[in-house]
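>>> Predicted model follows, preceded by the sequence.
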Amino acid sequence: MGYALKVYEAFKDDEIKAKVLAEFIEKVEEAINNNQVATQQDLHVQELKLTKEIKEAELRLTKEIEKVRADLSVEIEKVRSDLSVEIEKVRSDLAVEIEKVRSDLSVEIEKVKSDLSVEIEKVRASLSIEIEKVQAEVQRAKVSILKWLIGLLLAQTITIISAMVGLFQVLK
């Protein structure tokens, strides 16, 4: 039983496919029967041809790989160079911006210092006036206390003298 018949039997549920496959297998069997049997030398020659083609293909691939590597190396260096330029530009821009911020901060700090100096002087002047007022008040209080003390001493002295006079009169 040939392969075509076996394929037909296997796919007979779908008759169209079975016929197509059976015809194909018959033609393949005919082609195989019509071909000459290859000799050992034919196989060796074919092997040498294939080996030569493989080596040529490997050589072409190696050259292509080296070309791609070279192209990529050039591209990588270009990208590195572009990135270096861009990084330096960013650094320069940042340095300028930092200096601008420092300058702005210096101006702002000087303004705050000036404002604080003015405010401190106002507070000092106000405190000086208050201190003078308090000193004047203390001076008035001292004078008032001194007046009271003198009055008290006089009253005590008069009381003591009166007591002594009264005591002398009683003793007499």
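Looks like it came in fine.

>>> what packs against the helix or strand of the chain with the lowest mean pLDDT?
Least confident helix or strand, the chain: helix 3-10 with a mean of 72, by mean pLDDT, DSSP states H and E. The contact analysis (3 or more C-beta pairs under 8 Å, 6 or more residues apart in numbering; DSSP states H and E) places helix 3-10 against helix 15-34. Using the backbone N, CA and C atoms, a C-beta is placed for each residue, glycine as well.

>>> tell me which residues of the helix it packs on are tucked away?
Of all the residues in helix 15-34, those buried under the rule 16 or more other C-beta atoms under 10 Å are 18, 21-22, 25-26.

>>> Tabulate those residues in CSV, adding columns for distance to residue 107.
CSV is the format used below for the buried residues of helix 15-34 (distance: C-beta to C-beta, whole Å):
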residue, distance to residue 107
18, 97
21, 93
22, 98
25, 96
26, 100
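
>>> Go ahead and list the helix or strand containing residue 119.
helix 40-171 (DSSP states H and E).

>>> Next, count neighbours for residue 128.
10 (other C-beta atoms under 10 Å).

>>> Distance of residue 117 relative to residue 111?
11 Å (C-beta to C-beta, to the nearest Å).

>>> I meant to write residue 149 there.
56 Å.

>>> now residue 105
11 Å.

>>> Same check on residue 16?
97 Å.

>>> How about residue 51?
87 Å.

>>> again with residue 120
Residue 120 is 15 Å from residue 111, by C-beta to C-beta.

>>> count of neighbours near residue 124?
Around residue 124 there are 10 residues (other C-beta under 10 Å).

>>> cool, residue 7 as well?
20.

>>> With residue 139 instead?
10.

>>> could you list every residue that touches it?
Contacts for residue 139 (C-beta atoms under 8 Å, 6 or more residues apart in numbering) come out as none.
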